[in-house]
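S.K.: structure for the following, please:
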Amino acid sequence: MLENLVTKASRSRSPKGKGLEAILALITLARDSTAFPPRWEEVETRRELAFDVHPIIVAWASGDTMPPSIQPDRRIRPAAFTASLMKAIRSHIKGLKMQPQIIATTPFAGQRPGTSGLRKKVRVFQQPNYLENFVQAIFDTQPELAGGVLVVGGDGRFYNREAIQVILRMASANGVRKTLVGRSGIFSTPAVSCVIRKYQTQGGIVLSASHNPGGADGDFGIKFNSANGGPAPESVTDAIFVRTQTIDRYLTLDTPALDLDHDGSFMLGAMDVLVMDSVSDYAELMESLFDFNAIRKLFSTGNFRMRFDAMHAVTGPYAVEILERRLGAPSDTVMNAVPLEDFGGGHPDPNLAHAQELVALTEGANGLDFGAASDGDGDRNMILGKNFFVTPSDSLAVLAANAHLTPGYKSGIRGIARSMPTSQAADRVAAQMGIECFETPTGWKFFGNLLDAGRITLCGEESFGTGSNHIREKDGLWAVLFWLNLLAVRQQSVAEIVTDHWRRFGRNYYTRHDYEGVDLAGAEGLMAHLRMLLPDLLGRTLGNQTVSYADDFAYTDPIDGSVSKQQGIRIGFESGARIVFRLSGTGTEGATLRVYLEYFEPDPAHHQQDTQEAMAPLVLIARELAQIETRTGRSEPDVVT
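M.R.: Below you'll find the model as predicted:
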């Protein structure tokens with residue numbers, strides 16, 4: 001069709017010739033995404049616009065001087081002229097598609113980011129303009145991205161590839177100068193933070209719903225990380241949400257999908273897209289923090305056996321490169337190493353309920369010496385020894401007490417921070433070391449200011465997240481390497497290291513009960529009921545415990561003075577025990593009620609009790625006080641950690 005029209009146009013030098021009109025209509029309709037062939041009745045009304053679209057053809061039709069490549073000359077055969085003109089037209093049509101397109105849209109309700117970005121079901125994100133609205137809100141509220149560099153990647157879950165293509169087109173249309181994209185769209189959350197900081201980019205967009213299930217019927221998520229490499233603070237996420245409520249257009253390009261499966265640099269409009277190895281920069285950072293030689297020796301003895309469960313999530317390629325290739329672990333060390341869009345049908349949450357295959361390998365007389373796992377986007381970790389589970393709260397405390405044994409922290413640590421629901425085990429380490437310890441709301445973004453200000457070195461959450469000042473995200477594989485370094489240096493088992501720690505600091509028995517998918521109205525009613533009780537709880541005896549404080553936790557950031565309220569109900573007892581009630585912001589349907597229970601035991605003679613048995617009196621107090629069964633219809637939690 002195009003060649004026939006150009007051939008006709010080459011025989012006419014009159015702007016009123018049907019051949020020329022066909023060319024002009026063709027270009028105009030191509031720009032407007034109208035189907036070919038052009039309808040002749042539209043040509044006349046579009047001619048003026050068409051002349052503006054392709055000045056080369058207008059100049060030729062008017063007899064003006066033309067570029068040599070398409071100058072109509074008697075020495076140039078009609079076929080050659082037709083070919084050169086077709087090339088010019090195709091180039092022009094491509095250029096039109098590279099121009100930012102303004103697409104009208106309307107707001108969607110409920111695009112407020114939670115503690116870890118915006119998470120919804122895949123089908124919600126697949127609605128026309130849903131993802132685009134949120135991404136445009138990021139560009140509209142973060143002006144530093146225009147002319148800047150942006151990191152883009154995700155955990156490989158379903159819809160990851162499609163979303164990245166959308167974001168790249170929009171980034172170019174919004175003036176981003178360069179994007180760094182992980183090969184195949186893969187980037188662990190810790191690696192995104194690493195790359196942002198190493199290359200001093202203006203931020204990053206992370207596509208993940210973390211530990212939530214994947215697949216077409218699963219969950220999807222998106223969050224913006226700031227230039228420090230960490231999750232955007234509340235001031236930024238609030239601004240993004242406000243913009244989503246008034247958005248009326250977004251900018252994009254009409255271009256085909258880019259090849260993300262091979263490293264290389266491509267131009268997308270005026271933006272440079274660099275597809276890069278997502279593992280190497282992160283692996284080099286890990287090698288600078290830990291004693292890889294000592295860990296290699298541990299593996300080379302042949303007496304040390306471990307498995308790392310990547311749960312068919314993003315950490316697989318990172319673990320294979322670092323554990324097997326760089327540290328010399330056996331080739332079968334990493335389980336479920338290949339990232340899959342549905343995580344192999346599993347739930348990529350590294351806990352005792354969802355990593356049962358790994359847990360079983362550590363049990364019994366022939367159990368592994370060390371087991372570890374990470375989650376969907378690679379920022380969480382679970383640590384196991386032979387017949388031994390290390391709670392995330394204990395893990396943070398142990399790492400803090402032994403940090404001086406690793407190269408990256410040999411000079412000591414400045415301070416520790418923990419999320420409010422996390423046990424107070426780290427507080428006891430900080431007190432003995434004479435360093436600061438901060439209690440923050442749940443959400444890694446609250447650690448960012450403390451890390452940037454140099455007030456803390458290590459931080460952690462009870463939800464299997466641990467990290468340090470090396471990046472601004474929690475980091476699952478980092479925690480695993482930290483433990484391997486301690487095992488190599490101390491020449492003790494996991495159980496021996498932890499029990500030694502308890503003898504020195506006392507044991508904080510700790511458990512978390514999750515009630516998942518609870519009716520939102522019922523869950524909010526439960527929290528409102530507890531808030532009504534708070535003023536009258538002080539001094540009351542509940543079971544065998546006397547209440548020493550009861551509040552709805554609020555946090556004033558010591559760096560910028562920002563205040564976060566209603567972060568969870570805390571009930572503390574004179575014995576040092578605590579109960580915390582909180583609604584989680586990481587789910588996508590209903591509500592998740594989390595109940596955190598903690599009991600301190602200073603006497604080593606009582607350190608080997610079964611956790612659930614030791615916590616039974618507190619569990620009963622929590623259920624009765626909050627009226628959990630009555631208000632949620634649940635007699636037992638879905639997950640006990």
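S.K.: next, the distance between the ends of stretch 363-383.
M.R.: For stretch 363-383, the separation between the terminal residues is 13 Å (CA to CA, to the nearest Å).
S.K.: may I see the buried residues of that stretch?
M.R.: Using 16 or more other CB atoms under 10 Å as the test for burial, stretch 363-383 gives 367-383. In short, each C-beta sits where N, CA and C put it, glycine included.
S.K.: the helix or strand in which Val152 is found pairs with which strands, parallel or anti?
M.R.: Using DSSP states H and E, Val152 sits within strand 149-154. In the sheet, strand 149-154 lines up against strand 178-186 (parallel), strand 203-207 (parallel) (DSSP bridges).
S.K.: tell me the mean pLDDT over whichever helix or strand comes after the last one?
M.R.: Moving toward the C-terminus from strand 203-207, the next helix or strand (DSSP H and E) is strand 219-225. Across strand 219-225, the average pLDDT comes to 96.
S.K.: give me the subset of the buried residues of stretch 363-383 that lies in strands.
M.R.: Phe370, Gly371, Ala372, Ala373, Ser374, Asn381, Met382, Ile383 (DSSP state E).
S.K.: who are the contact partners of the second one?
M.R.: Taking CB atoms under 8 Å, 6 or more residues apart in numbering as the contact definition, Gly371 lies against Met306, Arg307, Phe308, Asp309, Leu358, Val359, Leu361, Thr362, Met382, Ile383, Leu384, Gly385.
S.K.: try 10 Å
M.R.: Neighbour list for Gly371: 305-309, 335, 355, 357-363, 382-386, 388-389, 480, 494 [criterion: CB atoms under 10 Å, 6 or more residues apart in numbering].
S.K.: nearest spatial neighbour of it, skipping sequence neighbours?
M.R.: Leaving aside its sequence neighbours, Gly371 sits nearest to Leu384 (CB to CB, 6 or more residues apart in numbering; 3.7 Å).
S.K.: just to revisit the earlier point, buried ones only from the contacts of Gly371, please, as a PyMOL command.
M.R.: Command for PyMOL, covering only those of those found buried under the criterion 16+ other CB under 10 Å:
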select buried, resi 305+306+307+308+309+335+355+358+359+361+362+382+383+384+385+386+388+389+480+494
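S.K.: how about the strands in the stretch 201-350 of the chain?
M.R.: Ranges of strands in the stretch 201-350 of the chain, per DSSP state E, counting those that start in this stretch, are 203-207, 219-225, 249-252, 264-268, 271-276, 306-309, 334-335.
S.K.: surely Ala479 and Thr466 touch.
M.R.: Yes. Counting by CB atoms under 10 Å, Thr466 is a contact partner of Ala479 at 4.4 Å.
S.K.: intersection of neighbour lists for those two?
M.R.: Residues touching both Ala479 and Thr466 (CB under 10 Å, 6+ apart) are Asp379, Arg380, Asn381, Ile383, Pro392, Ser395, Leu396, Leu399, Gly460.
S.K.: shaky segments in this protein?
M.R.: Flagging of the chain using pLDDT under 70 yields the residue ranges 1-97, 585-589.
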